[in-house]
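J.: no sequence for this one, just the structure:
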């Protein structure tokens, strides 16, 4: 079982199972069997879905304001109270002066959470392959900086945010050695990667294995909008090697929520992307809505459940209580094989696909 260790400077006096009294929300009443369905990720035990915190501190893309922090804390507490224990973040999350804000907020919410489930929380953070991080020691320093921001003594999963193989192959080896060092020093319980293609995934797996470090997870942009040969090959590799695949952007930045249309676009940079892709998504969105109606679910719940049914751990981003409540409804049931086929056929019929991460390697 995962065990989150907090720094000695933390101040905890309560071990009750209730939420912070000042926060006006209640634990969702969900089927008793659902929240305790857990998955193994290396030495860790996690919920079948995690939550991403990219939006926490990101003003440019997600419109973050510090006035949102109170609701974000409610988001965190509601998730943990309902069995979610995996939270994904990164040392680069947060724009401008807010760099690292996501990690800081997570740390604060963990410290202030009142309940026994706090010890089971698993933080998966990603360390950016910045061009000035050229040595293993500098990558270990990045890990220590994340620990300081969150005020915890050990990270659940320490992840390399992206590969530099496409543009700085010599730096790549130093970053891999940095992962080994932070694991050997006990700064992280497990290591993972993000945005690695099939070839590089096999290379780092073998490199870490030779040094006695198991690769436990691989984050990939994976959704009905982003499922191609590379994603399927990565999934096959993960399955064969015992690596857990984590699906980021399972809702395609919001395009698979059914809330937007060519005449109703989100503000900011996402609006430009949606304008290009949404007009070609009618076959897919239509199938999602049809299944949602039959299942008495919502479109996002069906889209997230598809990721779960494909054997991944989705980490949809959350920034409101309403989003948490809705996303929790993706758990406790499974799409049928016929429904999966219908959705995948509709995805193939939709001419537009999600733009892939520029840092994704082969």
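T.: Now that the structure is in, tell me what you want to look at. Bear in mind that the values here come from a model prediction, so they are computed numbers and not experimental data. Numbering: from 1, shown residues only.
J.: what's near enough to touch residue 139?
T.: 127, 133, 174-175, 177-179, 181-182 (CB atoms under 8 Å, 6 or more residues apart in numbering). (C-beta placed from N, C-alpha, C; glycine too.)
J.: Is residue 115 in contact with residue 83, as I believe?
T.: No - between residue 115 and residue 83 there is no contact under CB atoms under 8 Å: 11.7 Å.
J.: Those two: which is more packed in?
T.: Neighbours per residue, other CB atoms under 10 Å: of residue 115 and residue 83, the larger number sits with residue 83, 21 against 18.
J.: so where's the stretch 51-200 of the chain shaky on pLDDT?
T.: Within the stretch 51-200 of the chain, the ranges that satisfy pLDDT under 70 run 60-62, 95.
J.: Let me see the backbone angles for the closest residue to residue 155 other than its chain neighbours.
T.: Excluding the flanking residues, the one nearest residue 155 by CB to CB, 6 or more residues apart in numbering is residue 188, at 4.6 Å. Main-chain dihedrals, residue 188, degrees, to the nearest 10: phi -130, psi 150.
J.: My guess is residue 188 contacts residue 178. True?
T.: No - assessed by CB under 8 Å, residue 188 is found out of contact with residue 178, at 10.8 Å.
J.: Just the buried residues of the strand or helix carrying residue 45, please?
T.: Residue 45 is located in strand 44-46, with elements delineated by DSSP states H and E. Of all the residues in strand 44-46, those buried under the rule 16 or more other CB atoms under 10 Å are 44, 46.
J.: can you check stretch 148-168 too?
T.: Buried residues in stretch 148-168, counted by 16+ other CB under 10 Å: 149-152, 154-165.
J.: re the thing from before, just put the contacts of residue 139 in JSON lines and tack on distance to residue 50.
T.: Listed next are those as JSON lines, based on distance: CB to CB, whole Å:
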{"residue": "127", "distance to residue 50": "18"}
{"residue": "133", "distance to residue 50": "26"}
{"residue": "174", "distance to residue 50": "29"}
{"residue": "175", "distance to residue 50": "24"}
{"residue": "177", "distance to residue 50": "28"}
{"residue": "178", "distance to residue 50": "24"}
{"residue": "179", "distance to residue 50": "20"}
{"residue": "181", "distance to residue 50": "26"}
{"residue": "182", "distance to residue 50": "21"}
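J.: Among the buried residues of stretch 148-168, which are located in strands?
T.: Among those, the members falling in strands (DSSP state E) are 155-160.
J.: Greatest separation within those residues: which pair is it?
T.: Greatest spatial distance among these (CB to CB): 156 and 160, at 15.0 Å.
J.: which stretches of the chain form strands?
T.: Using DSSP E, strands in the chain cover 39-41, 44-46, 51-52, 86-90, 122-127, 155-160, 188-194, 215-221, 244-248, 313-314.
J.: what sits against the most centrally placed residue in the chain?
T.: Centroid-nearest residue in the chain: residue 315, 3.6 Å away (criterion: CA atoms, centre = their mean). Applying CB under 8 Å, 6+ apart to residue 315 gives the contacts 49-52, 86, 88, 219, 246-248, 250.
J.: Could you rerun that using 10 Å?
T.: Listed by CB atoms under 10 Å, 6 or more residues apart in numbering, the contact partners of residue 315 are 49-54, 86-88, 124, 219, 246-250, 304, 307.
J.: And it, how close does it get to residue 120?
T.: Noted for residue 315: a distance of 17 Å to residue 120, by CB to CB, to the nearest Å.
J.: If we only consider the ones in strands among the buried residues of stretch 148-168, which is nearest to residue 280?
T.: Closest approach to residue 280 among those (CB to CB): residue 159, at 32.3 Å.
J.: That closest one reaches residue 193, doesn't it?
T.: Yes - here residue 159 reaches residue 193: they are 6.1 Å apart, a contact under CB atoms under 10 Å.
J.: hey, what's in contact with both of these two?
T.: Contacts common to residue 159 and residue 193, judged by CB under 10 Å, 6+ apart, are 126, 179, 216-219.
J.: Dump the residues you listed into TSV; add distance to residue 78 as well.
T.: Listed next are these as TSV, based on distance: CB to CB, whole Å:
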residue	distance to residue 78
126	24
179	33
216	27
217	25
218	28
219	24
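J.: Mind checking which of the residues you listed are buried?
T.: Neighbour counting with 16+ other CB under 10 Å marks 126, 179, 216-219 as buried within those.
J.: any idea how far residue 299 is from residue 230?
T.: Going from residue 230 to residue 299 by CB to CB gives 26 Å.
J.: try residue 85
T.: Remark: distance between residue 85 and residue 299 (CB to CB) = 26 Å.
J.: More neighbours: these two, which one.
T.: Using other CB under 10 Å as the criterion, residue 85 and residue 299 rank with residue 85 on top: 25 against 21.
J.: List the residues that contact the more buried one.
T.: Applying CB under 10 Å, 6+ apart, we find residue 85 in contact with 1-2, 4, 35, 38, 44-47, 50-51, 79, 117-123, 156.
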